[in-house]
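Asker: my questions concern the predicted model and sequence given below.
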2 protein chains.
Amino acid sequence: MVGIGPGNRLDRTRRAEQAIEDSQVVAGYHLYLEHIVDLTAGKELIASGMMQETERCRAALQRATEGAVVALVSSGDPGVYGMAGLALEMADAEGFDVAIEIVPGISAANSAAARLGAPLMLDYACISLSDLLVPWESIRTRLEALAAADLVVALYNPRSKKRIRQLEEAVAIMRRHRGDGTSVGIVTAIGESDEQITLTTLERLLEAEVGMRSTVIIGNSSSLCLNGRLITPRGYRL
Amino acid sequence: MVGIGPGNRLDRTRRAEQAIEDSQVVAGYHLYLEHIVDLTAGKELIASGMMQETERCRAALQRATEGAVVALVSSGDPGVYGMAGLALEMADAEGFDVAIEIVPGISAANSAAARLGAPLMLDYACISLSDLLVPWESIRTRLEALAAADLVVALYNPRSKKRIRQLEEAVAIMRRHRGDGTSVGIVTAIGESDEQITLTTLERLLEAEVGMRSTVIIGNSSSLCLNGRLITPRGYRL
């Protein structure tokens, strides 16, 4: 289970590259495979669409059971909204007797934070607004708790073409606890030629372009914008 | 501001290595500099002790103002309890007119999670138990909110020789909201020859060895141990 980070080859770890190079089979969502085309020449590829996660995982485990060394790649970190857990669960539930190693990668919150400045310097939470696998009711409860406890919040899967209401509701929850001027950063298509970095406020967040390729970071009550950078002060006395 | 990950060179990104190689000056806590000794031959080094963070940062900014390319290294990710925010704030407050780039690294929560299995598959929070820069009262409020909202929690700086009470109190707070059998994972000295991985429960967490080099991950109500791995199921139907 190999994390390849945000997409640019410079953000991969050596361990990730080595794991892919050492594999005979490389499985992944077809767009992720494009990011590692420099590493996969001559290898058997298992490419599939975004919604076929369980099938892709099963095919990878099957090939491993047959004796192949298989790299199943995730963008970011396979351990954060990726496929590491699915592989471990599926291997147990379906009796695939294979050794599974997790190779961590730079997760979207960390790479987006670096592009924005330093918004995650203090306690923060990652929360996904996708209610495909988790009931919206429990996502809402979590947002409410995080908003009240003044944690910086990184939103994964903030909005898609069809899923719009969730971000609206998340912003409404945050605004009940934090000021309209609370600093917000948005990074879309990180590391790509069409990368977009937006600094805005909680009040104006819904006016910004946010999609499936965006990570949204909502500051806490002390976060601020300084020379175009989003920062959450850690409390050093200067 | 360069993140070198948990310490092993395999977990560095290419971007981090390139940034260090391109620098004339490398600044960092002396133990972190030992981790990158393969990259720093012939370079000017600014090594300092753990508690001298502001001085180290100021010295790095000063050398950069004088025209040097400087890499200020953090273990893990400089944007997560690291020094990225301090550098941006200090440059502004003290008038250092230098370009600052943040190079993200694999943070302790992500690297610990990979060693444990896949505990961060669902919404989670990072929280530091060090009350050096943050009042304990606000850390406690956050722990309470996270415990109630059933988020997986990664504890940074869980315990030191002198600071013991904070972990005891954190465990007490979690136990008011989660069952005694809640799965817990501890990784100490990750990637080092004395690395230690412990799977335990919330009830027995305080019996385990936990120190300054440990990251503690407390599962949510659905986290479980499976074949020696700590997993938080994401909700796929298998």
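Answerer: That came in fine, so what should we check first?
Asker: wait, residue A:98 sits on residue A:60?
Answerer: No. Residue A:98 is not in contact with residue A:60 according to CB atoms under 8 Å; the separation is 9.4 Å. For glycine as for every other residue, the C-beta is placed from the backbone atoms N, C-alpha and C.
Asker: more crowded one of these two?
Answerer: Neighbours were counted for residue A:98 and for residue A:60 using other CB atoms under 10 Å in any protein chain shown; residue A:60 has more, 27 against 17.
Asker: mind checking if the helix or strand containing the more buried one is in reach of chain B?
Answerer: Assigned by DSSP states H and E, residue A:60 belongs to helix A:53-65. Yes. If you take CB under 8 Å from any CB of the partner chain as the test, helix A:53-65 does meet chain B, through A:53-54.
Asker: pLDDT weak spots in chain A?
Answerer: Scanning chain A for pLDDT under 70 picks out A:50-51.
Asker: so where do the strands sit in it?
Answerer: Taking DSSP state E as the criterion, chain A carries its strands at A:2-3, A:25-29, A:44-48, A:70-74, A:117-118, A:124-128, A:152-156, A:183-188, A:196-201, A:214-218, A:224-226, A:229-231.
Asker: for the fifth one, packing partners?
Answerer: The criterion is 3 or more CB pairs under 8 Å, 6 or more residues apart in numbering or on different chains; DSSP states H and E, and the helices and strands that strand A:117-118 contacts are strand A:229-231, helix B:84-93.
Asker: and of the ones you listed, who's closest to residue B:215?
Answerer: Residue B:215 sits nearest to helix B:84-93 of all those, at 19.2 Å, using CB to CB.
Asker: check whether that closest one comes near chain A.
Answerer: Yes. For helix B:84-93, a contact with chain A is found by CB under 8 Å from any CB, at B:84-86, B:88-90, B:92-93.
Asker: mark which of those are buried, thanks.
Answerer: Buried residues within the residues of helix B:84-93 next to chain A, defined by neighbour count using 16 or more other CB atoms under 10 Å in any protein chain shown: B:84-86, B:88-90.
Asker: and these as a markdown table, adding distance to residue B:200?
Answerer: Listed next are those as a markdown table, based on distance: CB to CB, whole Å:
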| residue | distance to residue B:200 |
| --- | --- |
| B:84 | 33 |
| B:85 | 33 |
| B:86 | 34 |
| B:88 | 38 |
| B:89 | 38 |
| B:90 | 40 |
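Asker: re earlier: which two among the residues of helix B:84-93 next to chain A are spaced furthest apart?
Answerer: Top of the distance list for those (CB to CB): B:84 and B:93, 15.1 Å.
Asker: quick check: residue A:28 vs residue A:99, distance?
Answerer: 19 Å (CB to CB, to the nearest Å).
Asker: how about residue A:214?
Answerer: Applying CB to CB to residue A:214 and residue A:99 gives a distance of 36 Å.
Asker: in terms of neighbours, single out the busier of the two.
Answerer: Higher neighbour count among residue A:214 and residue A:99: residue A:214, with 23 against 7, using other CB under 10 Å.
Asker: returning to what we had before: helices or strands up against the helix holding residue A:60?
Answerer: For helix A:53-65, the packing partners by 3+ CB pairs under 8 Å, 6+ apart are strand A:25-29, strand A:44-48, strand A:70-74, helix A:84-93.
Asker: ok, now with 6 Å
Answerer: In terms of contacts (3 or more CB pairs under 6 Å, 6 or more residues apart in numbering or on different chains; DSSP states H and E), helix A:53-65 is packed against strand A:25-29, strand A:70-74, helix A:84-93.
Asker: and of those, who's closest to chain B?
Answerer: Between chain B and the helices and strands packed on helix A:53-65, the shortest separation by CB to the nearest CB is 3.6 Å, and it involves helix A:84-93.
Asker: and the contacts of the closest one?
Answerer: Helix A:84-93 is contacted from outside by A:1, A:57, A:61, A:78, A:100, A:102, B:117-118, B:121, B:226, B:229, B:231, B:234, B:236, B:238, using CB atoms under 6 Å, 6 or more residues apart in numbering or on different chains.
Asker: try it again with 8 Å
Answerer: A:1, A:53-54, A:57-58, A:60-61, A:72, A:74, A:78-79, A:96-98, A:100, A:102, B:114, B:117-118, B:121, B:226-227, B:229, B:231-234, B:236, B:238 (CB atoms under 8 Å, 6 or more residues apart in numbering or on different chains).
Asker: distance to residue B:16 for the helices and strands packed on helix A:53-65 - can I get that in CSV?
Answerer: As requested, the helices and strands packed on helix A:53-65 are arranged in CSV below (distance: least, CB to CB, whole Å):
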stretch, distance to residue B:16
strand A:25-29, 24
strand A:70-74, 20
helix A:84-93, 23
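Asker: just so I know, which of these lies nearest residue A:199?
Answerer: strand A:70-74 (28.3 Å).
Asker: partner strands of that closest one, with direction?
Answerer: strand A:2-3 (parallel), strand A:25-29 (parallel) (DSSP bridges).
Asker: list the contacts of the first one.
Answerer: Looking back up the chat, that one is strand A:2-3. A:16, A:19-20, A:71-79, A:82, A:103-107.
Asker: and for the longest one?
Answerer: Strand A:25-29 is contacted from outside by A:20, A:33, A:36, A:39-40, A:43-50, A:56, A:59-60, A:63-64, A:68-75, using CB under 8 Å, 6+ apart.
Asker: what subset of the residues you listed is buried?
Answerer: A:20, A:33, A:36, A:39-40, A:46, A:48, A:56, A:59-60, A:63-64, A:70-75.
Asker: I'd say residue A:160 and residue A:212 touch.
Answerer: Yes. Judged on CB under 8 Å, residue A:160 makes contact with residue A:212 at a distance of 4.9 Å.
Asker: may I see the strands of chain A organised as CSV, with distance to residue B:222 added?
Answerer: Formatted as CSV, the strands of chain A follow (distance: least, CB to CB, whole Å):
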stretch, distance to residue B:222
strand A:2-3, 23
strand A:25-29, 25
strand A:44-48, 27
strand A:70-74, 21
strand A:117-118, 32
strand A:124-128, 15
strand A:152-156, 18
strand A:183-188, 30
strand A:196-201, 35
strand A:214-218, 25
strand A:224-226, 37
strand A:229-231, 33
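Asker: so residue A:157 sits against residue A:129, correct?
Answerer: Yes. Taking contacts as CB under 8 Å, residue A:157 lies within contact range of residue A:129: 5.4 Å.
Asker: between those two, what contacts are shared?
Answerer: With CB under 8 Å, 6+ apart, residue A:157 and residue A:129 have no common neighbours.
Asker: please name the nearest non-neighbouring residue to residue A:129.
Answerer: Counting by CB to CB, 6 or more residues apart in numbering or on different chains, residue A:129 lies nearest to residue A:166, which is 4.3 Å off, once chain neighbours are set aside.
Asker: do you know how far residue A:16 is from residue B:38?
Answerer: 19 Å.
Asker: show me which of those two is the more surrounded one.
Answerer: Each of residue A:16 and residue B:38 has its neighbours counted (other CB under 10 Å); residue A:16 has more, 27 against 9.
Asker: distance of that one from chain B?
Answerer: For residue A:16, the distance to chain B equals 9 Å [CB to the nearest CB, to the nearest Å].
Asker: which ones are touching that residue?
Answerer: Applying CB under 8 Å, 6+ apart, the residues near residue A:16 are A:2-5, A:103, A:105.
Asker: of those - the most surrounded one?
Answerer: Going by other CB under 10 Å, residue A:105 tops the contacts of residue A:16 with 33 neighbours.
Asker: and that residue, its phi and psi?
Answerer: phi -130, psi 170 (degrees, to the nearest 10).
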